[in-house]
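S.K.: Sequence and computational prediction follow.
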Amino acid sequence: MNIEIISVGKIKEPFVLDGIRHYKKYLSKFAKLAFTHVNPEKPPKNASKSDIQNLKEKESDKLLSKVKESHVIALSPEGQRVTSESFSRLIKDIQIYKGSKVTFVIGGSHGLSDRLKRNCDNVLSLSSLTFPHQLTALILTEQLFRAFKIMNNEPYHK
């Protein structure tokens, strides 16, 4: 399976990169994982709600321009909450019925536009908490590894 994670902003914190490398190494037994980023938009000083909405639309356009043919999943705090087991079933179903490519989209500090979320195949929440994009990518990478371990009935520490 090919998995791509597209985010607004680069992943540059050393501790996050180390964590991603750790899980990516173990995940490589099951899937190929790639990361792509787009540059964030800079909000104007004293940004209005309209300014923020325009910023989210621009960032969402950038994200969508990077998406290739695949099953697209947006990550958003208001998305559907799933357990690790149901996430594993979703990944397995995508792999079996939708093809071998899935793309995860992670927004910037202001989130994703409603339009982008409506155009995705799924909108999931990793937590009710809000995380910066870098931590979201790390948590997602760990959950992908966990999903494949569950899918293959392999043990994973709790």
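M.R.: That came through, no problem.
S.K.: Doesn't Asn137 belong to a helix?
M.R.: To be clear, residue 137 is Ala; Asn isn't right here. Yes. If the criterion is DSSP: H, G, I helix; E, B strand; the rest coil, then Ala137 is within a helix.
S.K.: Next, count neighbours for it.
M.R.: 25 (other Cβ atoms under 10 Å). Bear in mind the C-beta positions are built from the backbone N, C-alpha and C, glycine included.
S.K.: can I assume it is in contact with Ile5?
M.R.: Yes. With contact defined as Cβ atoms under 8 Å, Ala137 counts as touching Ile5 (5.7 Å).
S.K.: Please identify every residue contacting each of these two.
M.R.: Here Ala137 and Ile5 share the contacting residues Phe35, Ile106, scored by Cβ atoms under 8 Å, 6 or more residues apart in numbering.
S.K.: so how far is Ala47 from the nearest residue to Lys62 once chain neighbours are set aside?
M.R.: By the measure of Cβ to Cβ, 6 or more residues apart in numbering, the closest residue to Lys62 outside its immediate chain neighbours is Val38, 3.9 Å from it. Here Val38 is placed at a distance of 19 Å from Ala47 (Cβ to Cβ, to the nearest Å).
S.K.: ok, these two, which is more surrounded?
M.R.: Between Val38 and Ala47, counting by other Cβ under 10 Å, Val38 is the more crowded of the two (21 against 14).
S.K.: So what sits opposite the more buried one in the bridge?
M.R.: Per DSSP bridges, the residues bridged to Val38 are Val8.
S.K.: Surely it touches Ser60?
M.R.: No. With contacts counted by Cβ under 8 Å, Val38 stays clear of Ser60, the gap being 9.6 Å.
S.K.: What helix or strand is the residue of the chain positioned farthest from its centre located in?
M.R.: Outermost residue of the chain with respect to the C-alpha centroid, by Cα atoms, centre = their mean, is Asn46; its distance is 29.1 Å. Using DSSP states H and E, Asn46 sits within no helix or strand.
S.K.: Quick check: the gap between it and Ile52.
M.R.: Noted for Asn46: a distance of 11 Å to Ile52, by Cβ to Cβ.
S.K.: Right, I'll call it a day here.
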